[in-house]
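# sequence first, then the predicted structure, then my questions.
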Amino acid sequence: MVPFVRQLWWWLGLRPATRQVMEDVLGSGGSVLLCPGGVQECLLMSHEKEVVFLRKRHGFVKMAMRHGASLVPAFAFGQGRSLSWHRPGPPWLPQRAVEWLSRRAGAVPLVMYGRWMTGIPHRVPILIVLGRPITVPKVQDPSQELVEQYLQRFIEEMASLFERNKAAAGCSHLQLQIA
């Protein structure tokens, strides 16, 4: 909706995270990088731990199975420190009100800022790690049980990836919460 921003993002190869765009890219043999957490993950994020919202996210697994695309867990250590953030909530605003507003707006009302109170990120090291690809069977209409099985494998690999790499990333003190 911001003039020229859409065109800039398209020139950089970015696309909206809609089901149709994902189907088109995967159907043409391309790869998709998707962060499935969304609004729910922002509602749960904390300064004391890393949070990934996956347990109720079945759609990305189902789509991968329809196209026979492998699932590759990835985690970016340090991204939570790249910007400072404040989210409204208790004690000034009930959590249910924040959740309601977030669902209606399609985004969590966050105040985010970096160096000099601008959008320029803080200088922090970011280590991006990739897990082992999880090969999924190509199934046009996978059963809920099969989708759940591969989602669970993805969650287990995400947890393992985090634990194996957190010390090297300088984040030994952090815990991962998978919601």
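Everything's here; your move. These numbers come from a predicted model, not from an experiment. Numbering: from 1, shown residues only.

# secondary structure element holding the residue most central in space within the chain?
With distances taken as C-alpha atoms, centre = their mean, the chain has residue 35 as the residue nearest its mean C-alpha position (2.9 Å). For residue 35, there is no enclosing helix or strand under DSSP states H and E.

# now residue 85
Residue 85 is located in strand 84-86, with elements delineated by DSSP H and E.

# looking at that strand now, give me its mean pLDDT.
Over the span of strand 84-86, the pLDDT mean works out to 88.

# now do the buried residues in whatever helix or strand comes next after it.
As assigned by DSSP H and E, the chain's next helix or strand after strand 84-86 is helix 95-105. By neighbour count on 16 or more other C-beta atoms under 10 Å, the buried set for helix 95-105 is 98, 102. Any C-beta I mention is one placed from the backbone N, CA and C, and that applies to glycine too.

# counting contacts, what elements does the lengthiest helix in the chain pack onto?
If each helix of the chain is counted by residues according to DSSP state H, the longest one is helix 144-165. Contacts defined by 3 or more C-beta pairs under 8 Å, 6 or more residues apart in numbering; DSSP states H and E place helix 144-165 against helix 59-67, strand 74-77, strand 127-130, strand 176-178.

# and residue 29, which of those is closest to it?
Residue 29 lies closest, by C-beta to C-beta, to one member of the helices and strands packed on helix 144-165: helix 59-67, at 8.9 Å.

# residues in contact with the closest one: which ones?
In this structure, residues lying in contact with helix 59-67 by C-beta atoms under 8 Å, 6 or more residues apart in numbering are 19, 22-23, 26-27, 34, 36, 69-71, 136-142, 146-147, 150-151, 154.

# give me the buried entries from those residues.
Buried residues within the contacts of helix 59-67, counting neighbours by 16+ other C-beta under 10 Å: 22, 26, 36, 69, 71, 136, 142, 147, 150, 151, 154.

# give me the angle between the longest helix of the chain and helix 59-67.
Counting by axes from the mean of the first three to the mean of the last three C-alpha atoms, to 10 degrees, helix 144-165 points 110 degrees away from the direction of helix 59-67.

# break this protein into its domains for me.
Residue ranges for each domain of the chain read 16-22+33-76+126-179, 79-124, as given by automatic domain parsing.

# thanks again, I'm all set now.
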